[in-house]
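Asker: would you be able to build a 3D model of this:
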Amino acid sequence: MRHRIFIAINIPEKVKTTLVSFQSRWPELPIRWIKKQNIHITLVFLGYIQDKEIPEVLKITEQISQKHDSFSINLNRICYGPPKKMPPRMVWATGEISEQLGKLQRDLEDSFFSSPVKKTHKSKNRAYCSHINLGRIHQWEFRQIEPEERPQIEEDISLSFPVDSIEIMESHLKRTGAEYVVLNSFKLK
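Answerer: Numbers count the residues shown, from 1 in each chain. Model (predicted):
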């Protein structure tokens, strides 16, 4: 059996509640907002994994978690994403650059890239841009809005939360949107 797998940081409920509260600020935006329970930070997307590959995913994720200390993430802005992409594809919450987060993401990516699982793509030496996807914009509808009538999304925020674990997540794609299940969680040291 195949499983759609990614490695993520789950967000505390209080932070999720605050982030979801911003979704009502732009009712005219043609967007499918992310459900509160699905808000997370993706570190590495592995794609479809066979049952027999799951033990290797568990092993690699646990090994990497033991090499990294807990840290904090500071979110400071809600904006269109990716940066400089027009029309934008998403609305993001972004944060300060975190050396610890970048190193964790690179270590996971490097480990999976050199493993038998090898489902991930290696970044092209660009910095990891931490972001939380809050919604996916309906491209065709967005293009129908006159540029001067498109909502400006540049909201300063101040949210911080600790990161003390990483999770192996499975994604089930459904008509109503993706549903995520935590397969395993590993504490950072």
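
Asker: list the helices and strands the one helix or strand residue 42 maps to packs on?
Answerer: Element membership of residue 42, judged by DSSP states H and E, is strand 40-50. Here strand 40-50 touches strand 2-10, helix 99-113, strand 131-137, strand 165-172, going by 3 or more C-beta pairs under 8 Å, 6 or more residues apart in numbering; DSSP states H and E. For glycine as for every other residue, the C-beta is placed from the backbone atoms N, C-alpha and C.

Asker: relative to residue 31, which of these is closest?
Answerer: Ranking those by proximity to residue 31 (C-beta to C-beta) places strand 131-137 first, at 4.3 Å.

Asker: got the angle between that closest one and strand 40-50?
Answerer: Calculated by axes from the mean of the first three to the mean of the last three C-alpha atoms, to 10 degrees, strand 131-137 forms an angle of 80 degrees with strand 40-50.

Asker: what sits against the closest residue in space to residue 67 that isn't next to it in sequence?
Answerer: Leaving aside its chain neighbours, residue 67 sits nearest to residue 107 (6.6 Å; criterion: C-beta to C-beta, 6 or more residues apart in numbering). Shown in contact with residue 107 (C-beta atoms under 8 Å, 6 or more residues apart in numbering): 64, 67-68.

Asker: drop anything exposed from those.
Answerer: Neighbour counting with 16 or more other C-beta atoms under 10 Å marks 64, 68 as buried within these.

Asker: tell me which of the contacts of residue 107 is nearest to residue 24?
Answerer: Taking those together and measuring to residue 24 by C-beta to C-beta, the closest member is residue 68, at 35.8 Å.
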